[in-house]
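Asker: coords please:
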Amino acid sequence: MLARRIIPCLDVRNGRVVKGKQFSSIQDVDSPTKLGKYYSDNGADELVFYDITASNEERDISLKFVSEVAKELRIPFSVGGGVRSIDDFTKLLRNGADKVSINSAAILNPNLIKEASDRFGSQCVVLSIDAKLNKDGNYKVCINGGRKETEWEAIDWAKKGVELGAGEIVLNSIDEDGMKRGFDIRLLQKITNAINVPVIASGGAGKVEHFYDAIEYANVDGVLAASVFHFGEIKISELKDYLNEKNIPVRL
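Answerer: Model prediction:
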């Protein structure tokens, strides 16, 4: 069994790492380079950086922080937010990103997934899905930082994304984002049962047991969190020790 990955998520706005709840109530945390290096030196397996307002503001992602971060890290990292073209992929990968995450642009232009996968390999293409439970009990995909609901159901969009060449899915529950009540296991199970590429759980981590639940009951390949790591509520070394004791394979 492959080691399960522990992945801090760094939301970047105006060159600073920030964190909020349910995609709002944003507060400042630290610089992406400083925080990224800290995680690289303290047991994180990967990092994810999202320029959280680039898509909504219809501007390009900031390449400056990407190149600065790449100089400091010893672990893989992916970058997303505002990625709309093959040219964006090229710039981010050349500036040091290992993977590129697409969300809103993929909904608007699904063929971007295929183009990127054909050009750079599926291992470089991460499809980020922001899903929200609607009144009918269906998980709908949202774009533009969770601000706009689409017609896609999460399970159908995940299948389509993999079919087009996405090598990994980051599945984020908007309902649980920053709430610390645990990952949405039902949502995760639906997706991991439907596709054959790695799925990363996002949205809801509040204690070490939540990470275990997502891996054990939803069979995710990695678990992503932000505030519990940023504010020192959970140390990655302690989380890995806990998972190891529970017979979950992790890199120690």
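
Asker: tell me what the strand or helix carrying Leu112 is packed against?
Answerer: In this structure, Leu112 is located in helix 111-120 according to DSSP states H and E. Helices and strands touching helix 111-120, as assessed by 3 or more CB pairs under 8 Å, 6 or more residues apart in numbering; DSSP states H and E, comprise helix 86-94, strand 99-102, helix 104-108, strand 125-133, helix 154-164. Backbone N, C-alpha and C define where each C-beta goes, glycine included.

Asker: among those, which is nearest Gly222?
Answerer: Set against Gly222 and scored by CB to CB, these come closest in strand 125-133, at 11.0 Å.

Asker: related to what we said a few turns ago, the helix holding Leu112 relative to helix 154-164, how many degrees between them?
Answerer: 40 degrees (axes from the mean of the first three to the mean of the last three CA atoms, to 10 degrees).

Asker: Any idea how many residues pack against the residue nearest to Leu73 when sequence neighbours are not counted?
Answerer: Leaving out its chain neighbours, the residue that sits closest to Leu73 by CB to CB, 6 or more residues apart in numbering is Ser40, at 4.5 Å. Residues near Ser40, counting by other CB atoms under 10 Å, number 19.

Asker: ditto for Phe211
Answerer: 30.

Asker: And it, how close does it get to Ile7?
Answerer: Here the distance between Phe211 and Ile7 works out to 11 Å (CB to CB, to the nearest Å).

Asker: and if you look at Leu73?
Answerer: According to CB to CB, Leu73 stands 13 Å off from Ile7.

Asker: So which of the two has more stuff around it?
Answerer: Legend: neighbour count by other CB under 10 Å for Leu73 and Ile7, higher for Ile7 (27 against 19).

Asker: Confirm the more buried one sits in a strand?
Answerer: Yes - the assignment for Ile7 is a strand, going by DSSP: H, G, I helix; E, B strand; the rest coil.

Asker: Surely it is in contact with Gly222?
Answerer: Yes - assessed by CB atoms under 8 Å, Ile7 is found in contact with Gly222 at 5.3 Å.

Asker: shared neighbours of these two, anything?
Answerer: Common contacts of Ile7 and Gly222 (CB atoms under 8 Å, 6 or more residues apart in numbering): 45-46, 200.

Asker: quick one: contacts of stretch 63-72?
Answerer: With CB under 8 Å, 6+ apart as the test, stretch 63-72 has contacts from 12, 15, 32-33, 36-37, 40, 47, 49, 77, 79, 91-92, 95-97.

Asker: Neighbour count says what about the residues you listed? Which are buried?
Answerer: The neighbour count (16 or more other CB atoms under 10 Å) marks 12, 32-33, 36-37, 40, 47, 49, 77, 79, 91-92, 95-97 as buried among the contacts of stretch 63-72.

Asker: quick one: the helices in this structure?
Answerer: With DSSP state H, the ranges of helices along the chain come out as 32-41, 63-72, 86-94, 104-108, 111-120, 154-164, 185-192, 208-218, 227-230, 236-245.

Asker: Using CSV, please lay out those helices together with distance to Ser128.
Answerer: Listed next are the helices of the chain as CSV, based on distance: least, CB to CB, whole Å:
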stretch, distance to Ser128
helix 32-41, 18
helix 63-72, 16
helix 86-94, 14
helix 104-108, 8
helix 111-120, 11
helix 154-164, 10
helix 185-192, 13
helix 208-218, 17
helix 227-230, 18
helix 236-245, 22
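
Asker: and of those, who's closest to Ile129?
Answerer: The closest of the helices of the chain to Ile129 is helix 154-164. By CB to CB, the value is 5.8 Å.

Asker: Quick one: mean pLDDT over that closest one.
Answerer: Averaging pLDDT along helix 154-164 yields 98.
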